[in-house]
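Novice: Need coordinates for the below:
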Amino acid sequence: MSILGWIILGLLAGAIAKVLLPGRDPGGFIGTTLIGIAGAFIGGWISARWLDHPVSKHFYDGATWAAAIGGSLVLLIVYRILFGNSRD
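Specialist: Numbering: from 1, shown residues only. Sure thing, here's the model as predicted:
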């Protein structure tokens, strides 16, 4: 999958992570989008490195989506813990 594919996957994974974890995000839409893109890359890397599941070359692979969404969720939770009170 190309870098553009990972960016699109990250945008969608960030949106799904936002649906799964509703609430106010310190970064708003832009921050959540960037977290989704970073989460897709990190989730794919973790999946290939430690879970012994290489990243698929196909955009529609379920494990690739699960890794991207999982990475986005983890980053969103960490982001909320670190910067959650900045919008109060």
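
Novice: OK, contacts around residue 66?
Specialist: Contacts for residue 66 (CB atoms under 8 Å, 6 or more residues apart in numbering) come out as residue 43. (Glycine included, C-beta is placed from N, CA and C.)

Novice: List the buried residues in the helix or strand containing it.
Specialist: Following DSSP states H and E, one finds residue 66 within helix 62-83. Residues of helix 62-83 classed as buried: 64-65, 67-76, 79-80 (neighbour count, 16 or more other CB atoms under 10 Å).

Novice: wait, which of those residues is closest to residue 38?
Specialist: Within those, the smallest distance to residue 38 is 5.9 Å, found for residue 75 (CB to CB).

Novice: For that closest one, give me the pLDDT.
Specialist: Residue 75 is assigned a pLDDT of 87 by the prediction.

Novice: Contact partners for it?
Specialist: Applying CB under 8 Å, 6+ apart to residue 75 gives the contacts 35, 38-39, 42.
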